[in-house]
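A.B. asks: Sequence and computational prediction follow.
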Amino acid sequence: MSLIVEVAIPIPLNKTFDYLCDDEVLVGVRVKVPFVRKKVIGIVLAIRDKSNFYKLKSVEEVLDKTPILDKLTLSLLFWSANYYHHPIGEVISTALPKNLRLGKKANIKKITGLPNQTKQSNFKLSDEQNIAITQILKSNYQYHAFLLHGVTGSGKTEVYLHTTQAMLNQKKQVLVLVPEIGLTPQMITRFESRLKTRVVTIHSQLNETKKLDAYLMAKNGEAGVVIGTRSAIFSPMPNLGLIIIDEEHDNSFKQQSNFRYCAKNLSFIRAKQANIPIVLGTATPSLELLKNVMDQKITRITLTKRTGNATLPKISLIDMRSNTDGALSKMLIEKTKQYLSAGKQVMLFINRRGYAPVYYCTQCSWKAQCDHCDSTMVYHRHINRLKCHHCGGEKMPEHTCPDCFRQSLKVLGYGTERLEETLSSYFADTPIIRIDRDTTRRKKAFTRHLEQINAGKSCIIIGTQMLAKGHDFSNLAMVGILDIDTGFLSLNFRATEYLAQLLIQVSGRAGRHKEKGEVVIQTRYPDHPIFNFILSSHYTQFANQLLKQRLSAMMPPFSHQALLCANAKNKQNAENFLHEAVVLLKNIQINSVEILGPVINTIEKKSDYYYFNLYLQSNNRVTLHQMLSTFNQHINILKLKNKVRWYLDIDPIE
Ligand SMILES: Nc1ncnc2c1ncn2[C@@H]1O[C@H](COP(=O)(O)OP(=O)(O)OP(=O)(O)O)[C@@H](O)[C@H]1O
Ligand SMILES: [Zn+2]
């Protein structure tokens, strides 16, 4: 007799589908099934002998003998679908490597070798490091969350390595999440050189064969350590004993498209489900985590000093209000010269790629704008094109102003490319290593740049966001921070929190080893209160002040938010859809949820679509989610539903 299997299919519908199945089948295996006029690959979620539907179609092929997704991983995926109000089929599809989604065989092509030689560190652990390790291991292999709050260069990685070794001794696996691909090579090298175990990585730049291999080695327990970016949170690891999140404060743990999950939040759920400890490390804890420490949900462990004889760098400001010399003040150029002639490395941080952010007419008010987005176009010199950083659109720069027809077009402002040009005019004989998305597009380019820096020769490094955190360059003596003033103008209520984190992190790259480092920040807002804390490296005091402000305004982390975003080519449709949504939400009658909006997005138009936002906020997470579930069940009554694109973002950060 046929059984009935409930199958999750990767489609954007909150539904699963029943099929008949004649073959032997287990929960968690992949099946090929007919769906509409196609064959699709789905995952079996349940096996029953009855269905509420009749005229069921049959499973065409059972692809696996043993489950691809074990019980614990499935329960994490169910939890995620439920919490993020996202269809389970799409959630599962995010969690699987592409080759498994496509129905390829779940076989390992090439087992990575074990490291042949590991070496121990040549230094003694500090007392603070020892205390941290003991405290984490005292959790006795049960759920316990730790915030490892250590100043930049305090040796947090060493704490990760020792706790990981202790887990490996107990035959447990360890999952390490890092925010960016750029931080994986350094982390892998450190883990592989020290631990006698198979270390695999999972991130988006890996080719599909390697990704599948890593996934399967995690799944069958052959990999002792998995290091990866956010999607690695879903790696099946049967003997998982510890989760480590490095640079916890970083926003890249949140996915900003399709299934908008936050890997950091999910790691708490995963640790609870598996009943294991979780360690979140950073020099600049997020306000969310600090609040949890206050509520005694998380234990804070501190590393207050840099390792060895290193100390925190000296930080000073350069007032740019009277500066007329372009991006670099005389003082910064002078200091750069001094450090270079002493054989040191200097990093100049500027968070904008391209040559110049504005191309404009000096005679009238014309500016080069993207035809499809509400944004100015960035000039890229090496290709002589104007580029939109929102939609990727490109065009040739005009020669005469399209408005006043005069030949008076110029660039304004600085990006990494222009900074490189300016610097090479001052320092013709010094190597300049520019690291931004344009210079690291090719595979391995980033690794090569890092190797060049780590070789230690005197050079200038032009760094963007990609170099802001985590990197440990031993000969880097000075950091100059060029352009952070846009952070003061942002409308996002989290902007000052992010700015403080960025400043401390970037500063933290300087003077990590023998000699004291120096940091110089150029700004037109030298009187801003943030600098009282940054100059003295008092991040926690600043964060506490921000927490007080958030509490009095009842903003996150003291309340919970969800964002309903609608976008459409027809501006009115997008806005009106949200007005319909407000009526539906108000009918649900949950009083403790505040509805704010609809408001147009700060960037009104992207790729020809107009964006509107509706914010839901409540002190009570449960009622907020009840409201969203009910809303989702009735969404079909909204008349404009098929005229707009919309999504829900739970705990939005932008
Ligand atoms: N006990 C120790 N004695 C001497 N050096 C150490 C010790 N522990 C770690 N180190 C070294 O100190 C350097 C900084 O450590 P690490 O990169 O782990 O800092 P971190 O706390 O992660 O900093 P960040 O937050 O900036 O990433 C490394 O080169 C590491 O090898
Ligand atoms: Zn555009």
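C.D. replies: On my side now, so go ahead. Ligands and ions are numbered 1, 2, ... in the order given.
A.B. asks: can you pull the contacts of the spatially most central residue of the chain?
C.D. replies: Nearest residue to the geometric centre of the chain (CA atoms, centre = their mean): Ser252, 0.7 Å. Ser252 makes contact with 179-180, 229-230, according to CB atoms under 8 Å, 6 or more residues apart in numbering. All C-beta spots, glycine's among them, are computed from the backbone N, C-alpha and C.
A.B. asks: can you tell me how far it sits from ligand 2?
C.D. replies: According to CB to the ion, to the nearest Å, Ser252 stands 23 Å off from ligand 2.
A.B. asks: So that residue: helix, strand or coil?
C.D. replies: helix (DSSP: H, G, I helix; E, B strand; the rest coil).
A.B. asks: what's the single longest helix in the chain?
C.D. replies: helix 571-587 (DSSP state H).
A.B. asks: Could you identify the helix or strand that succeeds that helix?
C.D. replies: strand 593-606 (DSSP states H and E).
A.B. asks: Which SSE is immediately downstream of that next one?
C.D. replies: With DSSP H and E, the next secondary element past strand 593-606 is strand 609-618.
A.B. asks: Quick one: distance of that next one to the chain centre.
C.D. replies: 22 Å (CA atoms, centre = their mean, to the nearest Å).
A.B. asks: Contacts for it, please.
C.D. replies: 559-571, 574-575, 577-578, 581-582, 585, 592-601, 603-605, 624, 627-628, 645.
A.B. asks: picking that back up, quick one: which of the contacts of Ser252 has the most company?
C.D. replies: Arg230 (25 neighbours; other CB atoms under 10 Å).
A.B. asks: related to what we said a few turns ago, next, the angle from the longest helix of the chain to strand 609-618.
C.D. replies: Inter-element angle recorded for helix 571-587 and strand 609-618: 20 degrees (by axes from the mean of the first three to the mean of the last three CA atoms, to 10 degrees).
A.B. asks: Spell out which residues of the stretch 251-400 of the chain are next to ligand 1.
C.D. replies: 283, 307-308 (CB under 6 Å from any ligand atom).
A.B. asks: Of all residues in the stretch 201-350 of the chain, which one is closest to ligand 2?
C.D. replies: Ser257 (16.4 Å; CB to the ion).
A.B. asks: Give me the three-state assignment for that residue.
C.D. replies: coil.
A.B. asks: Quick one: the helices in the stretch 351-500 of the chain, in order.
C.D. replies: Under the criterion DSSP state H, counting those that start in this stretch, the stretch 351-500 of the chain contains helices at 416-426, 445-454, 486-489, 495-507.
A.B. asks: tell me the pLDDT at the residue nearest to the centre of the chain?
C.D. replies: Note on Ser252: pLDDT of 94.
A.B. asks: Equivalent analysis for Met1, please.
C.D. replies: For Met1, the predicted pLDDT is 68.
A.B. asks: returning to that earlier point: could I have the buried ones of the contacts of strand 609-618 as ChimeraX selection syntax?
C.D. replies: The ChimeraX command for the buried members of those (criterion: 16 or more other CB atoms under 10 Å) is given here:
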select :559,560,561,562,563,564,565,566,567,568,571,574,575,577,578,581,585,593,595,597,598,600,601,605,624,627,628
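A.B. asks: and the angle for the longest helix of the chain with strand 593-606?
C.D. replies: 170 degrees.
A.B. asks: where in the stretch 251-400 of the chain is pLDDT low?
C.D. replies: Along the stretch 251-400 of the chain, no part satisfies pLDDT under 70.
A.B. asks: The residue of the stretch 451-600 of the chain found nearest ligand 1: what's it in contact with?
C.D. replies: Using CB to the nearest ligand atom, the single residue of the stretch 451-600 of the chain nearest to ligand 1 is Asp472, 4.1 Å away. When contacts are counted by CB under 8 Å, 6+ apart, Asp472 touches 153, 186, 512.
A.B. asks: wait, Ser474 sits on Glu515?
C.D. replies: No: between Ser474 and Glu515 there is no contact under CB atoms under 8 Å: 10.3 Å.
A.B. asks: who has more neighbours, those two?
C.D. replies: Glu515 (16 against 13).
A.B. asks: Pull up the gap between that one and ligand 2, please.
C.D. replies: 46 Å.
A.B. asks: ok, now His560?
C.D. replies: Taking CB to the ion, one finds His560 at 33 Å from ligand 2.
A.B. asks: about what we covered before: emit the PyMOL select command for whichever of the residues of the stretch 251-400 of the chain next to ligand 1 are buried.
C.D. replies: Entered in PyMOL, the line below selects the buried ones among these, by 16+ other CB under 10 Å:
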select buried, resi 283+307
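A.B. asks: Break this structure into its domains for me.
C.D. replies: Under the assignment automatic domain parsing, the domains of the chain span 3-101, 127-303, 314-355+414-550, 560-650.
A.B. asks: Tell me the span between the first and last residue of the second one.
C.D. replies: This points to domain 127-303. 9 Å (CA to CA, to the nearest Å).
A.B. asks: starting at the chain centroid, how far to that domain?
C.D. replies: 14 Å.
A.B. asks: just the first one next, same as before
C.D. replies: Averaged C-alpha coordinates place domain 3-101 at 29 Å from its chain's average position (CA atoms, centre = their mean).
A.B. asks: same check, this time on the longest one
C.D. replies: In this view, domain 314-355+414-550 has its centroid 20 Å away from the chain centroid, taken as CA atoms, centre = their mean.
A.B. asks: Start and end of that domain, how far apart?
C.D. replies: End-to-end for domain 314-355+414-550, by CA to CA: 30 Å.
A.B. asks: shift numbering so it begins at 411
C.D. replies: Happy to do that; since the first residue is 411 now, the last one works out to domain 724-765+824-960.
A.B. asks: Contacts for the helix or strand of the chain with the lowest mean pLDDT next, please.
C.D. replies: Of all the helices and strands that make up the chain, helix 896-899 has the lowest average by mean pLDDT, DSSP states H and E, namely a mean of 84. Helix 896-899 is contacted from outside by 905-906, 908-909, 912, 935, 938, using CB under 8 Å, 6+ apart.
A.B. asks: Mind checking which of those are buried?
C.D. replies: By 16+ other CB under 10 Å, these give 906, 908-909, 912, 935, 938 as buried.
A.B. asks: As TSV, these with distance to ligand 1 and pLDDT would be great.
C.D. replies: TSV is the format used below for those (distance: CB to the nearest ligand atom, whole Å; pLDDT from 0 to 100):
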residue	distance to ligand 1	pLDDT
Thr906	20	91
Tyr908	16	93
Leu909	17	92
Leu912	13	91
Tyr935	25	93
His938	24	92
